[in-house]
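Enquirer: dropping the sequence and predicted coords here.
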Amino acid sequence: MKYLLLIRHSQPEIVEGVPAKEWQLSEEGRRRCESMAKIMALYVPQAVVTSREQKALETGQIIANQLDLPVSAAENLHEHERSNVPFWGRDEFVVTVKRFFDQPDQLVMGEETAEQASTRFDAAVQSVLMENSGSIAIVAHGTVMSLFAAKHTKIEAHSLWKRLGMPAMLVFSLPEIELVEIIEDVDG
């Protein structure tokens, strides 16, 4: 059996005033990567591909080192493009993300609609799959992973997004892209 493992990056060190795409993993986040690697090993990935965002790169590198796998970064696996959004409190962010999912064709926040982010991310995942013949692990981000899952399954994107911890993993069988398992969170 061949699998696509979509992994949400681990816990970052949140620094107000620094764009989220530049955040690095926290100490706890690095520990959690080791736990995720143990779970991932059951699916025998042949490589790890990451988004170019710092927290995804670090997550992928730690996991790849634990599993003795090659790791690389690929274009367009990044989070919903929202670098122009100021730092918001958790409550305001959660409410806005719900609107983002509920109004996929409208520009709710950032520089992409949900539909645009979904299309970009899906094409990037398909490109990674075409370049790899075996099971593959892709380290990305919660919003785009939730959009991908909603596109390929009957899961509602916002509900899934709320469930995903850092890190989390969605396991899909290939080539049909059927959801096999959701690992919502791991202990550090």
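Expert: That came in fine, so what should we check first?
Enquirer: quick one: residues contacting the residue nearest to Arg163 when sequence neighbours are not counted.
Expert: Spatial nearest neighbour of Arg163, excluding adjacent residues (C-beta to C-beta, 6 or more residues apart in numbering): Glu184 at 5.1 Å. Every residue, glycine included, has its C-beta placed from N, CA and C. Counting by C-beta atoms under 8 Å, 6 or more residues apart in numbering, Glu184 touches Arg163, Leu164, Gly165, Ala168.
Enquirer: again with Met109
Expert: So Met109 contacts Arg82, Val85, Thr96, Val97, Arg99, Phe100 (C-beta under 8 Å, 6+ apart).
Enquirer: and what of Ser146?
Expert: Phe101, Ile155, Ala157, His158, Leu160, Trp161, Leu164.
Enquirer: that one: which element?
Expert: helix 142-152 (DSSP states H and E).
Enquirer: equivalent analysis for Ser159, please.
Expert: helix 157-163.
Enquirer: give the buried residues for the helix or strand following that helix.
Expert: Next along the chain after helix 157-163, taking DSSP H and E as the criterion, comes strand 168-174. Using 16 or more other C-beta atoms under 10 Å as the test for burial, strand 168-174 gives Ala168, Met169, Leu170, Val171, Phe172.
Enquirer: tilt between the longest helix anywhere in the chain and strand 168-174?
Expert: Secondary structure of the chain per DSSP state H: the longest helix is helix 114-131. If you take axes from the mean of the first three to the mean of the last three C-alpha atoms, to 10 degrees, helix 114-131 sits at 60 degrees to strand 168-174.
Enquirer: what lies in contact with whichever helix or strand comes after helix 114-131?
Expert: Reading on from helix 114-131 to the C-terminus, the next helix or strand found by DSSP H and E is strand 136-140. Under the contact criterion C-beta under 8 Å, 6+ apart, strand 136-140 has outside partners 3-9, 40, 43, 45-51, 56-57, 59-60, 63, 69, 77-79, 121, 125, 128-129.
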